[in-house]
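Undergrad: everything below, folded, please.
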Amino acid sequence: MKKTPLKLTRGALIAASYVVVTLLTASFAYKDIQFRVAEILMLLCFYKKDYILPLSLGCAFANLFSPMALMDITFGTLATVFAAIFMWKCKNIYIAALFPVLFNAVIVGAELRIMFDMPFLLSALSVGAGELAVMVAGVILFKTVLEKRDVFQKVFEPEKFTKSY
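TA: The predicted model follows:
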């Protein structure tokens, strides 16, 4: 796949958007209460694999500011990479939206257990609940608003509109 200046610029803007939104909502994007609004952008990976790398890089940069910085840069980003790949492979957006919930609940839940000695189950449920809320909001946004707009198709060039929903 050829990387054009437009594709590189689009990827950079998506990565930067993830970082900016995470930092603007930092008070509830990190630690045990994780309601990371920027995760809505992860749904772009369902539509096109080109967004896996920019969102993974955006997550890594946003995690530089995490209270668990080094661990979060490594393992939080790994959760994002796994979720993004599984989302791309999935044929149903509702199922695809569950991958960030599952990967973040388990991986970030384990991080919180190690870093802050929180009970794993409580950590996983807390992270998973926040991620689920964001994914539900994201799916509603994508299905009811964005997919119906020509600008979504022009800007993001989604490849998957023929999937079974």
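Undergrad: pull out the buried positions in stretch 38-45.
TA: Judged by neighbour count (16 or more other Cβ atoms under 10 Å), stretch 38-45 contains these buried residues: 38, 39, 40, 41, 42, 43, 44, 45. No exception for glycine: its C-beta is placed from N, CA and C like everyone else's.
Undergrad: before we move on, what about stretch 4-14?
TA: Along stretch 4-14, the positions that meet the burial threshold by neighbour count (16+ other Cβ under 10 Å) are 10, 11, 14.
Undergrad: what does it contact?
TA: Defining contact as Cβ atoms under 8 Å, 6 or more residues apart in numbering, one finds that stretch 4-14 is touched by 41, 44, 50, 51, 53, 54, 55, 58, 155, 156.
Undergrad: picking that back up, would you list the buried residues of stretch 38-45 in CSV and tack on pLDDT?
TA: Below are the buried residues of stretch 38-45 laid out as CSV (pLDDT from 0 to 100):
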residue, pLDDT
38, 97
39, 97
40, 97
41, 97
42, 98
43, 97
44, 95
45, 96
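Undergrad: name the SS class of residue 158, please.
TA: State at residue 158, reduced to three classes by DSSP: H, G, I helix; E, B strand; the rest coil: coil.
Undergrad: for it, grab the count of nearby residues.
TA: For residue 158, the number of neighbouring residues by other Cβ atoms under 10 Å comes to 16.
Undergrad: that one contacts residue 47, doesn't it?
TA: Yes - with the criterion set as Cβ atoms under 8 Å, residue 158 and residue 47 qualify as a contacting pair; they are 3.6 Å apart.
Undergrad: could I get the lowest-mean-pLDDT helix or strand in the chain in PDB with only the CA atoms?
TA: Within the chain, no helix or strand scores below helix 150-156, which has a mean of 77 by mean pLDDT, DSSP states H and E. As requested, C-alpha coordinates have been extracted for helix 150-156 and formatted as PDB (Å, rounded to 0.1, in the frame of the first residue of the first chain):
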ATOM      1  CA  ASP A 150     -20.600  12.000   2.700                       C
ATOM      2  CA  VAL A 151     -17.800  13.800   4.500                       C
ATOM      3  CA  PHE A 152     -17.000  10.700   6.600                       C
ATOM      4  CA  GLN A 153     -16.600   8.700   3.400                       C
ATOM      5  CA  LYS A 154     -14.400  11.500   1.800                       C
ATOM      6  CA  VAL A 155     -12.200  12.200   4.700                       C
ATOM      7  CA  PHE A 156     -11.700   8.700   6.200                       C
END
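Undergrad: tell me the buried residues in it?
TA: Within helix 150-156, the residues that qualify as buried are 152, 156, counting by 16+ other Cβ under 10 Å.
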